[in-house]
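1. Need a 3D model of the following:
(2 chains)
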Amino acid sequence: MLSRFQNSRNGLGLVFMLPAALLLLIFLTYPLGLGVWLGFTDTKTGRAGEWVGFENYAFLLGDSVTQLALFNTLFYTIIASIVKFALGLWLALLLNEKLPFKTFFRAVVLLPWIVPTALSAIAFWWIYDSQFSVISWTLVKLGLIDSYIDFLGDPWMARISTIIANIWRGIPFVAISLLAGLQTISPSLYEAAAIDGATPWQRFRNITLPLLTPIIAVVMTFSVLFTFTDFQLIYVLTRGGPLNATHLMATLSFQRAISGGALGEGAAIATAMVPFLLAAIMFSYFGLQRRAWQQGSDK
Amino acid sequence: MSDKTTDSQGMDFLTSTPRRWVTTYIPLLVFMFVLLFPFYWMGITAFKPNKELLSREGNPFWVENPTLAHFKKLFFDTAYPDWLWNTMLVSVVATFASLAAAVFAAYAIERLRFTGSRQAGLAIFFAYLVPPSILFIPLATIVYKLGLFDTRWALILTYPTFLIPFCTWLLMGYFRSIPFELEECALIDGATRWQILVKIVLPLAVPGLISAGIFAFTLSWNEFIYALTFVSSSEVKTVPVGVITELVEGDVYHWGALMAGALMGSLPVAVMYSFFVEYYVSGMTGAVKE
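-> Purely as a prediction, here's the structure:
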């Protein structure tokens, strides 16, 4: 009996899946559904809510702060993702060259990504300080500006400053992942192209990019996902200020739900992010499909 | 990540050295400077006395009179040692628990191939894509109802929600690379599935286990939003949350102590990272590539 069980695929599979499945069902699937449900109620901290239908969403649609947060989130995600991709690809190409101390460079590049974001954000907070910013100090000494820049005090400056901090943290992930993709491209392709008279740009355009497309799709999906749902960086640097100019959907839902106690409203904001995330995931799915197809497997 | 270009000379001989300086070395050095400057700044600020910190005179890039006052304040006047201990405890327990659950799940999905294993694999992938920012509100109510609010258990039980999907996904890739034939031989010799897992698959998957383990540890160490939401007493906070919420008193920023706290909180992961760079890289790219 026992030995039969030990070799039964379904029985054993079920038992092996149990710990992971149980934990994920209780702490991931259930909260996911609960979050959607909370979005349709007027739950406050310490008070069970009642079903209010689309009232939260109707209110949020007309709420200027939420509209601003949505704009900020899209702006933040689009600009940061494009720059991260461009700089990350450039860095990956640089690291793919023959270099002295290559392993060292590659190791160092990842540092911004592995250090806790909340802690590196503190360093940026100090770099962006309105009175003692080292960037302002340098620019003043160089004679380029007269007075210190208020990096986090002015709405547009704050948006750009937070985006730069996000880019700084995100580049390593993009660069190292793309580098892994670059290393799978056979050098003989480049040699053949060079013999045929292809310029460096043509080699990049017609060999590197097409072969890298599948991995770019996946890496950028993850990058967009992380950026769109970012919370720590904004929470540490600006808490959404000045004048809500840097509030993202995630920080706004935290403010409304945890600081403000309006759990239902906060959950509605969080749920409103889901359609955007689904779009990103669909993109990833089709990116993966394409990869399998390119490798000639029928999986 | 093996360097596949070593057997070929490449086309480097086509570009001259001055040209390589402009196209490769200088941009690379600029990248390095920008990526590392915040760490240098963190380090140098942590050792600066307040007088130098709050002055526009002198050279800000160097310390005139280095001091350990900020570290002393951090370790003796705040709950920082508690935060370090909490972060360590929560990260280690959550990592090992998740790794154990992930090994079984990955083996079942990848090798037992039970009915519905493909769907289970896909579900794991989607679970990996669910961001904490949309889960923290409902999770907060669940944690509260379970009576776990403001305890370390709240973090130990919720961190696996992002650790298990990640580890399982990574380990599925590793298990896939282990030849079926090894398991078939063992089966013919009369080994049970359990023996195969423990004596054949796990020893071969050690690099994968290390990758997943240190990666999961870093993810837990860096976690912020759950720790911020589920914990409110100083003695159960983690380092990132403690530094952000307790070292800022009103409008008075203790920059030196803040930086010392950030530095000490970053060092453990940075040190571990330096020992396991290759595992990290393969963990990260493995998770993306599969």
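
2. Show the residue spans covered by the strands in the stretch 51-200 of chain A.
-> Here the stretch 51-200 of chain A has no strands by DSSP state E, counting those that start in this stretch.

3. State the pLDDT value of whatever residue of chain A ends up closest to chain B.
-> Closest approach between chain A and chain B, counting by Cβ to the nearest Cβ: A:Gly13, at 2.8 Å. Any C-beta I mention is one placed from the backbone N, CA and C, and that applies to glycine too. We have a pLDDT of 86 for A:Gly13.

4. which residues sit against the host helix or strand of it?
-> Per DSSP states H and E, A:Gly13 falls inside helix A:9-24. Helix A:9-24 is contacted from outside by A:5-6, B:100-102, B:104-105, B:107-109, B:112-115, B:117, B:120, B:124, B:127, B:157, B:160-161, B:164-165, B:168, B:193, using Cβ atoms under 8 Å, 6 or more residues apart in numbering or on different chains.

5. And the residues you listed, which of them are buried?
-> Among these, those classed as buried by 16 or more other Cβ atoms under 10 Å in any protein chain shown are B:101-102, B:104-105, B:107-109, B:112, B:114, B:117, B:120, B:124, B:127, B:157, B:160-161, B:164-165, B:168, B:193.

6. so which of the residues you listed are also by chain A?
-> Restricting the buried ones among the contacts of helix A:9-24 to those near chain A by Cβ under 8 Å from any Cβ of the partner chain leaves B:101-102, B:104-105, B:107-109, B:112, B:114, B:117, B:120, B:124, B:127, B:157, B:160-161, B:164-165, B:168, B:193.

7. Mind checking which of these are in strands?
-> Among those, no residue falls in strands (DSSP state E).

8. list the buried ones in stretch B:36-49?
-> Per 16+ other Cβ under 10 Å, stretch B:36-49 contains these buried residues: B:38-39, B:41-49.

9. which one of the residues you listed is nearest B:Phe61?
-> B:Ile44 (7.2 Å; Cβ to Cβ).

10. tell me the pLDDT at that closest one?
-> 91.

11. Hmm, B:Glu64 and it touching each other?
-> No: using Cβ atoms under 8 Å as the test, B:Ile44 is too far from B:Glu64 to be in contact (11.2 Å).

12. quick one: contacts of the helix or strand containing A:Ala270?
-> Assessed by DSSP H and E, A:Ala270 sits inside helix A:263-272. The contact list for helix A:263-272 (Cβ under 8 Å, 6+ apart) reads A:35-36, A:38-45, A:49, A:52, A:56-57, A:59-60, A:66, A:69-70, A:249-250, A:252-258, A:260, B:133-134, B:136-138, B:140-141.

13. Contacting chain A as well, which ones from the buried residues of stretch B:36-49?
-> Among the buried residues of stretch B:36-49, the residues that sit close to chain A (Cβ under 8 Å from any Cβ) are B:38-39, B:41-42, B:45.

14. For the chain, which residue occupies the most central location?
-> If you meant another chain, say so; for now it's chain A. For chain A, the residue nearest the mean C-alpha position is A:Phe226 (1.9 Å; Cα atoms, centre = their mean).

15. The intended chain is chain B.
-> Nearest to the mean C-alpha position of chain B, by Cα atoms, centre = their mean, lies B:Thr218 at 1.8 Å.

16. Please, which helix or strand holds it?
-> Using DSSP H and E, B:Thr218 sits within helix B:206-222.

17. Can you show me the CA trace of that helix as PDB?
-> Once non-C-alpha atoms are left out, helix B:206-222 reads as follows in PDB (Å, rounded to 0.1, in the frame of the first residue of the first chain):
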ATOM      1  CA  VAL B 206      22.800  22.200  -5.100                       C
ATOM      2  CA  PRO B 207      23.800  25.200  -7.300                       C
ATOM      3  CA  GLY B 208      20.100  25.900  -8.000                       C
ATOM      4  CA  LEU B 209      19.300  25.600  -4.300                       C
ATOM      5  CA  ILE B 210      22.100  28.000  -3.400                       C
ATOM      6  CA  SER B 211      20.900  30.500  -6.100                       C
ATOM      7  CA  ALA B 212      17.300  30.300  -5.000                       C
ATOM      8  CA  GLY B 213      18.300  30.500  -1.300                       C
ATOM      9  CA  ILE B 214      20.500  33.500  -1.400                       C
ATOM     10  CA  PHE B 215      18.100  35.200  -3.800                       C
ATOM     11  CA  ALA B 216      15.200  34.600  -1.500                       C
ATOM     12  CA  PHE B 217      17.200  35.800   1.400                       C
ATOM     13  CA  THR B 218      18.000  39.100  -0.400                       C
ATOM     14  CA  LEU B 219      14.400  39.500  -1.400                       C
ATOM     15  CA  SER B 220      13.200  39.100   2.200                       C
ATOM     16  CA  TRP B 221      16.000  41.400   3.500                       C
ATOM     17  CA  ASN B 222      14.800  44.100   1.000                       C
END
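
18. any idea which helix or strand comes after that helix?
-> helix B:225-230.

19. For chain A, give me its nearest residue in the stretch 51-200 of chain B.
-> Closest point on the stretch 51-200 of chain B to chain A, by Cβ to the nearest Cβ, is B:Phe114, at 2.8 Å.

20. dump the residue contacts of that residue.
-> A:9-10, A:12-14, A:17, B:108.

21. Buried members of those residues into ChimeraX, please.
-> Filtering the contacts of B:Phe114 down to the buried ones (16+ other Cβ under 10 Å) takes a single ChimeraX command:
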select /A:12,13,14,17 /B:108
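
22. Tell me which two of the contacts of B:Phe114 sit farthest apart.
-> Longest span within these, Cβ to Cβ: A:Arg9 and A:Met17, 11.7 Å.

23. if we can go back for a sec, my guess is the residue nearest to the centre of chain A meets A:Gly170, correct?
-> Yes: contact criterion Cβ under 8 Å: A:Phe226 and A:Gly170 qualify, at 7.1 Å.

24. Can you name the residues that contact residue 208?
-> No chain was given, so I picked chain A. A:Thr208 neighbours (Cβ under 8 Å, 6+ apart): A:93, A:182, A:185.

25. think we crossed wires, I meant chain B
-> Applying Cβ under 8 Å, 6+ apart, we find B:Gly208 in contact with B:170-171, B:173-175.

26. got a pLDDT number for it?
-> What the model reports as pLDDT for B:Gly208 is 89.

27. Distance check, it against chain A.
-> Distance of B:Gly208 to chain A, computed by Cβ to the nearest Cβ, to the nearest Å: 16 Å.

28. Please tell me how far that residue sits from B:Asp77.
-> Here B:Gly208 is placed at a distance of 43 Å from B:Asp77 (Cβ to Cβ, to the nearest Å).

29. what's the answer for A:Gln131, then?
-> For A:Gln131, the distance to B:Asp77 - Cβ to Cβ - is 25 Å.

30. what stretches of chain A score poorly on pLDDT?
-> A:1-7, A:284-285, A:287-299 (pLDDT under 70).

31. Present the buried residues of stretch B:36-49 as CSV; the columns should include secondary structure.
-> As requested, those are exported to CSV (DSSP: H, G, I helix; E, B strand; the rest coil):
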residue, secondary structure
B:Pro38, helix
B:Phe39, helix
B:Trp41, helix
B:Met42, helix
B:Gly43, helix
B:Ile44, helix
B:Thr45, helix
B:Ala46, helix
B:Phe47, coil
B:Lys48, coil
B:Pro49, coil
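
32. and of those, the nearest to A:Gly143?
-> Looking across these and measuring by Cβ to Cβ, the closest to A:Gly143 is B:Trp41, at 22.6 Å.

33. per-residue confidence at that closest one?
-> 92.

34. Test my guess that it contacts A:Trp126.
-> Yes: contact criterion Cβ under 8 Å: B:Trp41 and A:Trp126 qualify, at 7.0 Å.
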